[in-house]
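Visitor: For reference, the sequence and a predicted model appear below.
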There are 2 protein chains.
Amino acid sequence: MKTFLDCIPCFYRQALEASRLACVAEEQQKLILDELASVLPSIEMNRPPPEIAVIIYSIVNRFTKTADPYKALKDRSTDLALKIYGRMKEMVINSEEPLKTAVRLAILGNIIDYGAQHSFSLDEEIEKIITNFSKSSNGSYAVFDFSVFQRILKKSETILYLADNAGETVFDRILIESINEIYGRGKIIYAVKEIPVINDAVLGDALRAGIDASAEIVSSGSHAPGTLLSVCSPEFLEIFEKADIVISKGQGNFEALNKVTRPLFFMLKTKCSVIARDIGCNIGDAILFYKKKKKRREKIVKNDNY
Amino acid sequence: MKTFLDCIPCFYRQALEASRLACVAEEQQKLILDELASVLPSIEMNRPPPEIAVIIYSIVNRFTKTADPYKALKDRSTDLALKIYGRMKEMVINSEEPLKTAVRLAILGNIIDYGAQHSFSLDEEIEKIITNFSKSSNGSYAVFDFSVFQRILKKSETILYLADNAGETVFDRILIESINEIYGRGKIIYAVKEIPVINDAVLGDALRAGIDASAEIVSSGSHAPGTLLSVCSPEFLEIFEKADIVISKGQGNFEALNKVTRPLFFMLKTKCSVIARDIGCNIGDAILFYKKKKKRREKIVKNDNY
């Protein structure tokens, strides 16, 4: 996906929020915004947003001298999500359709996103996921390609699962465990980012969430907040090409992969007008979207079981 | 009020929205954002936001070759508001406290703001003002200095009313007419901007709203989206100093005037975190805030009749 002009104000907001999280003085924050103003105009807009995000966050890291300003927040996200792990497991087990429940929880977990959102109250949002879960089961999914997901999953041996954010990883774990429990066999590979960028999950975050007991964790090689194939490792690219099914979490991965040729399942909460416009839904919608091999569906229609 | 770092992403968003309203091609929109990036870093942050807004909108106007990109929207705002004028008058007349109802309507009319808001559906919002009016009477005002407003108004001969946006002018007309009807005497001066900036009301907008039958319309001399005293005309400054009461509408006027020494009544809907933080309320709150002569109240408490 190319970068839209609407992304430009958002890049400044992200730089400001990241520099505040790194606790640098206001003068430094201003210098970061000024530096951004000096580089952004020359960046080509046909590059996907995660590629530009790399530039933004490298400026922030250079000025703040922090490689991972979101570390504490990521740990807290994971720990809070782990606190509701048991309740989520119960919801899945007691559900009439455990896989569907696990998918919906995995999508809702994508709310834990410090890049796309203006402000975000972690405790409240995580609690809301649980309390609002039953409400969201009654038709609030703008796109929910669940039947085709179930059909393709059933015949898949190798499943590649592209992680998005730390904390959301715990929700992913619920889905991964459900897939293992339901289909028994198969091999799930959980791909995280190579180095920290925003609150995207890296190896340590996946381990903290306890993913390693149910899936093989690999690095995609991407240092961007999205699985940009142009920067991924050859080993990862081979997995990506050969996997029977690819589950891609979050906006960053959608921005990076919505034009690739292979089929993919995108699971995300839409958080900005650019993505919502591209998918054909509203901001805040929860999405399970199947991108077919030949061409992606341009306009989404409500479908499936919801 | 000084400009905060949070204003910077907002300036880019405003420039983008204004350039889109002026219907220039995407390439031109990008050039406008690039030009902004070249000038913003050197602008001193201790200047109030409306002063910086002048620079932004002059860039937009230069590139779009339009002196008033918001003209059509302003006319539509006024016409739509005039359509509910009769219903608002009835609400005031049938109210137990006509002045209070008129004040509340005048504040709610401040929702018609194309500078501060990301997106804005005029028809919906204007309709909502009417339908939600009774709801908002039950305590949703974070600050409502109505008793002191009524007390000072009662003994005032000269009333200066600082307009904000076109369309909102019709709501102002309701309040101005109510003041005239209740207090009979006195002289109300309605001050508009000198030249078009965003959707701020100029002389033509006030006339279209029918203000001239109930108040004398003057220009403040300000070309900024706020009554910046540093650029106002000497004639206006004399009125401003001598008026027994000043009613200041909207965020732009708050940003321009919240540090001046004379007492003022601010009526506004808060639309951004910077203003909300400064007042001590939440985004979306409706405010009637009395700024006393000596020093402004730093922290707001719920008070008065709500």
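Guide: Thanks, I have it.
Visitor: what's around residue A:12, how many residues?
Guide: Neighbour count for residue A:12, taken as other C-beta atoms under 10 Å in any protein chain shown: 25. (C-beta placed from N, C-alpha, C; glycine too.)
Visitor: what helix or strand is it on?
Guide: helix A:7-21 (DSSP states H and E).
Visitor: tell me the angle of that helix relative to helix B:7-21?
Guide: Orientation note: helix A:7-21 sits at an angle of 170 degrees relative to helix B:7-21 (axes from the mean of the first three to the mean of the last three C-alpha atoms, to 10 degrees).
Visitor: For helix A:7-21, which outside residues touch it?
Guide: Helix A:7-21 is contacted by residues A:28-29, A:32-33, A:36, A:40, A:49, A:52-53, A:56-57, A:59-60, A:63-64, A:69-70, A:73, A:114-115, A:118, A:198, A:272, A:274, B:5-6, B:8-10, B:12-13, B:16, B:33 when judged by C-beta atoms under 8 Å, 6 or more residues apart in numbering or on different chains.
Visitor: Then stretch A:169-183?
Guide: A:78, A:81-82, A:84-85, A:88-89, A:92, A:98-99, A:101-103, A:105-106, A:108-110, A:153-154, A:159, A:161, A:163, A:186, A:188, A:190, A:201, A:205-206, A:208-211, A:214-215, A:249.
Visitor: What residues does residue A:115 make contact with?
Guide: A:14, A:53, A:198-199, A:225, A:251-252.
Visitor: Confirm it sits in a strand?
Guide: No. Membership of residue A:115 in a strand is not supported by DSSP: H, G, I helix; E, B strand; the rest coil, which gives coil.
Visitor: Would you confirm that residue A:187 contacts residue A:161?
Guide: No. Contact criterion C-beta atoms under 8 Å: residue A:187 and residue A:161 do not qualify, at 10.9 Å.
Visitor: more crowded one of these two?
Guide: Between residue A:187 and residue A:161, residue A:161 has the larger neighbour count (other C-beta under 10 Å), namely 25 against 14.
Visitor: Burial check on the closest residue to chain B within the stretch 201-306 of chain A, number of neighbours?
Guide: Across the stretch 201-306 of chain A, the shortest distance to chain B (C-beta to the nearest C-beta) belongs to residue A:273, at 7.7 Å. Counted with other C-beta under 10 Å, residues neighbouring residue A:273 total 15.
Visitor: Repeat that for residue A:293.
Guide: Counted with other C-beta under 10 Å, residue A:293 comes out at 10.
Visitor: hang on, it packs against residue A:263?
Guide: Yes. Applying C-beta under 8 Å, one finds residue A:293 in contact with residue A:263, separated by 4.7 Å.
Visitor: any idea how far residue A:70 is from residue A:57?
Guide: For residue A:57, the distance to residue A:70 equals 10 Å [C-beta to C-beta, to the nearest Å].
Visitor: what's the overlap in contacts for the two?
Guide: Joint contacts of residue A:57 and residue A:70 (C-beta under 8 Å, 6+ apart) are A:18, A:198.
Visitor: surely residue A:282 meets residue A:143?
Guide: No. Judged on C-beta under 8 Å, residue A:282 makes no contact with residue A:143 at a distance of 11.0 Å.
Visitor: of those two, who's got more company?
Guide: The residue with more neighbours, out of residue A:282 and residue A:143, is residue A:143; 24 against 11, by other C-beta under 10 Å.
Visitor: Please give the element, helix or strand, for that one.
Guide: strand A:141-144.
Visitor: Quick one: mean pLDDT over that strand.
Guide: Strand A:141-144 shows a mean pLDDT of 84 in the predicted model.
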